[in-house]
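Undergrad: Predicted model and sequence below, questions to follow.
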Amino acid sequence: MLELIRVHGELLEMADAGGGPAAMERHRGRGRLPIRERIANVIDPDTPFLEITPLAAYGSQYQLGGSMVTGIGIIAGTECVIMGNDPTVLAGALTPYAVKKWMRALEIARQNRMPYVSFVESAGADLRVGGRPADKSEQDNPHGAVGDAVVPEHFAETGRFFYEMIELSKLCIPTVCVVFGPSTAGGAYQPGMSDYNIFIREQSYTFLAGPPLVKMATGEISDSETIGGAQMHAEVSGQAEYLAEDEMDALRMCREVISHLNWRKAGPEPAADPAEPVHDPEELVGIVGADLAKPVDVRDVLARVVDDSRFEEFKPRFGPTMVCGWASIHGYPVGILGNNGVIYPDSAQKAAHFIQLCNQIDLPIVFLQNITGFMVGKDYEADGIIKKGSQLINAVANSTVPHLTVIIGSSYGAGTYGMSGRAFGNRFTFLWPTAKIAVMGPKQIAGVMSEVRRGQAKRKGIPFDEDEDARLVAQAAETQEKGSLALRATGAVTDDGIIDPRDTRTVLGICLSVVRNRPIEGTEGYGVFRL
């Protein structure tokens, strides 16, 4: 685990470096702050910034982070979602990974009713093909360019971002935009659709088309300051509500805007001075190993995460492979579900019952996933594993209290859904470095395909090549293993990021505070079914 954490730390440093030393030096040489320093200077002193998916684009040809930083921070005492373009990477252009992160930031703001702050400095959409200039064959491709290209389908989808920003304002969720530099096309529409805009004198420029495109389209000759400068927008067009003298002045203004919003959390407040776990959280690095087939008692994790290591377990003698119960984390009461093995029919029943109870008393639910799926076999089919497993999935889907999910080990098959995976609308999903996510285990996938090939050979009446099959099994297992790793998942922005296990309590505490910006109300209309 410590080695995985070390590698993760090195990758975070690479993401922090943005476009690299030369780009960073050029940016600072213009008297401008890197995006993470802008964020550090706008949030309250000595408060955390929970960055979301910092390793987006891992394994691709794009810069780690995808040219954008997103996360949650406290500005003037108010929890806000913060999105910022990284101008040292492709001039802040919107790569496919930045697009995913942008949508996720808007989703967090909407789901949790949080003010949305954008730090804009963007060249608009990345018009290159797969992160490089398109070659002739790709330009002539009637189906659009290959790879991560900007094709009509992608362009049509980007309109959703504008809709989502307007939707926030419609829901009375404030949107505040600070323009730090040139912002073209899609970059220009972000302040255009924000409630409050802050521009910086002789630094901020917004226009639908810059001077070169204007000249090509209309023949008009102009310069950036005249066509879209900060002073013009503050005094003539009315696009800017505030005109700052420099970046620090703009950040001060941003804090003042947030302070006058009079934003109030729905509550309730956490318990004062919650007790730290009795068991040392440092020991979390030794609980889950590289071999996920080795059993792990999720209670050992809970004892190092919850307040005072106190956990009131629900139905401990029934369905023991699903651990359910009540605890508090940083003073916030929660229900907790954790896996101690495969989900059997009785453990699925217990979990569905427990989720209903949490909804009856408006308690957020924390899911700790280490699941290979639902149990299979003739006895379990006869015992109704499909029916009872579906009851669990139904309970998860119909639950209306916030769900927070941490994948500490395996997350395979329909077990992912039964434990509130990302597809089920949970508020946050984080991974430990040991997490693996797939339709099933790599060896099982390879084995199933081997059985399929064996059956095909038998039906066709042809000899079965055992040596070739063994090679294919090994190759498939290796490919599936690599594809299931936490870094691959987080690189594709399927979660909110990989965390150090020792930070689990802190991250969950931040998220439990965040979800209380919106009233927590469980489902109504049905009593609890004793499944």
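TA: Done, it's in.

Undergrad: Leaving out sequence neighbours, find the closest residue to Ala188.
TA: Among residues not flanking Ala188 along the chain, Thr206 sits closest, at 4.2 Å (CB to CB, 6 or more residues apart in numbering). No exception for glycine: its C-beta is placed from N, CA and C like everyone else's.

Undergrad: Just give the number of residues close to that neighbour.
TA: The number of residues packed near Thr206 is 31, by other CB atoms under 10 Å.

Undergrad: That one and Cys177 touch, don't they?
TA: No. Under the criterion of CB atoms under 8 Å, Thr206 lies out of contact with Cys177, with a separation of 9.7 Å.

Undergrad: Now do the shared contacts for the two.
TA: Here Thr206 and Cys177 have Pro191 as joint contacts, going by CB atoms under 8 Å, 6 or more residues apart in numbering.

Undergrad: ok, back up a step: OK, contacts around the residue nearest to Ala188?
TA: Thr206 sits next to 179, 182-184, 187-188, 191-192, 199, 228, 233, 239 when contact means CB under 8 Å, 6+ apart.

Undergrad: In strands only, show me those.
TA: Cross-referencing the contacts of Thr206 with the strands (criterion: DSSP state E) gives 179, 182-184, 199 as the overlap.

Undergrad: Show the buried residues in those residues.
TA: The neighbour-count criterion (16 or more other CB atoms under 10 Å) marks 179, 182-184, 199 among the ones in strands among the contacts of Thr206 as buried.

Undergrad: who touches Trp432 in this structure?
TA: By CB under 8 Å, 6+ apart, the residues touching Trp432 are 288, 406-409, 486, 498-499, 501, 504.

Undergrad: I figured Leu208 hits Gly186, correct?
TA: No. Using CB under 8 Å, Leu208 is not in contact with Gly186, being 9.7 Å away.

Undergrad: and Leu213, what pLDDT?
TA: At Leu213, the predicted lDDT confidence score is 69.

Undergrad: just to revisit the earlier point, settle it for me: which of Leu208 and Gly186 has more neighbours?
TA: Taking neighbours as other CB under 10 Å, Leu208 and Gly186 compare with Gly186 leading, 22 against 16.

Undergrad: hmm, back to that, just the buried ones among the ones in strands among the contacts of Thr206: which has the poorest pLDDT?
TA: The lowest pLDDT within those belongs to Thr184, with 82.

Undergrad: what about the residue lying closest to that one once chain neighbours are set aside, neighbour count?
TA: Distances taken as CB to CB, 6+ apart put Gly124 closest to Thr184, at 4.7 Å, once the chain neighbours are dropped. Here the count is done by other CB under 10 Å, and Gly124 has 20 residues near it.

Undergrad: From Tyr189, how far out is Gly124?
TA: Shown here: Gly124 relative to Tyr189, a distance of 9 Å by CB to CB, to the nearest Å.

Undergrad: Going along the chain, name the strands of the stretch 101-250 of the chain.
TA: When secondary structure is read from DSSP state E, counting those that start in this stretch, the stretch 101-250 of the chain shows strands at 116-120, 175-179, 182-184, 196-200, 205-207, 242-244.

Undergrad: Would you reformat those strands as a markdown table and include distance to His279?
TA: Conversion of the strands of the stretch 101-250 of the chain to a markdown table gives the following (distance: least, CB to CB, whole Å):
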| stretch | distance to His279 |
| --- | --- |
| strand 116-120 | 38 |
| strand 175-179 | 42 |
| strand 182-184 | 50 |
| strand 196-200 | 46 |
| strand 205-207 | 53 |
| strand 242-244 | 49 |
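
Undergrad: I'd like to know which of these lies nearest to Ala275.
TA: Closest to Ala275 of the strands of the stretch 101-250 of the chain, according to CB to CB: strand 116-120, at 33.9 Å.

Undergrad: for that closest one, packing partners?
TA: Secondary-structure packing of strand 116-120 (3 or more CB pairs under 8 Å, 6 or more residues apart in numbering; DSSP states H and E): helix 35-42, strand 78-85, helix 96-112, strand 175-179, helix 186-192.

Undergrad: Contacts for that strand next, please.
TA: Where contact means CB under 8 Å, 6+ apart, the residues beyond strand 116-120 that reach it are 35, 38-39, 42, 75, 80-85, 92, 105-106, 109, 165, 168, 173-180, 183, 187, 190-191, 194, 254, 258.

Undergrad: Check the gap between the closest residue in space to Thr506 that isn't next to it in sequence and Gly509 for me.
TA: Sequence neighbours aside, Pro48 is the residue nearest to Thr506 in space, at 7.5 Å (criterion: CB to CB, 6+ apart). Remark: distance between Pro48 and Gly509 (CB to CB) = 10 Å.

Undergrad: Of these two, which one has the most company?
TA: Gly509 (20 against 16).

Undergrad: The more buried one belongs to a strand?
TA: No. Membership of Gly509 in a strand is not supported by DSSP: H, G, I helix; E, B strand; the rest coil, which gives helix.

Undergrad: I figured it hits Tyr332, correct?
TA: Yes. Using CB under 8 Å, Gly509 and Tyr332 qualify as a contacting pair, with a distance of 7.1 Å.

Undergrad: in what helix or strand does Gly338 lie?
TA: Here Gly338 is covered by strand 332-339, with elements defined by DSSP states H and E.

Undergrad: Can you name the secondary structure element that comes next after that strand?
TA: Proceeding C-terminally, strand 332-339 gives way to helix 345-360 as the next helix or strand, assigned by DSSP H and E.

Undergrad: Pull out the buried positions in that following helix.
TA: 345-356, 358-359.

Undergrad: and that helix, what's its mean pLDDT?
TA: The pLDDT scores in helix 345-360 average 95.

Undergrad: Please list the residues outside it that contact it.
TA: 314-315, 318-322, 324, 335, 337, 343, 364-365, 374-375, 380, 383-385, 388-389, 391-392, 394-396, 399-401, 418, 522-523, 528-531.
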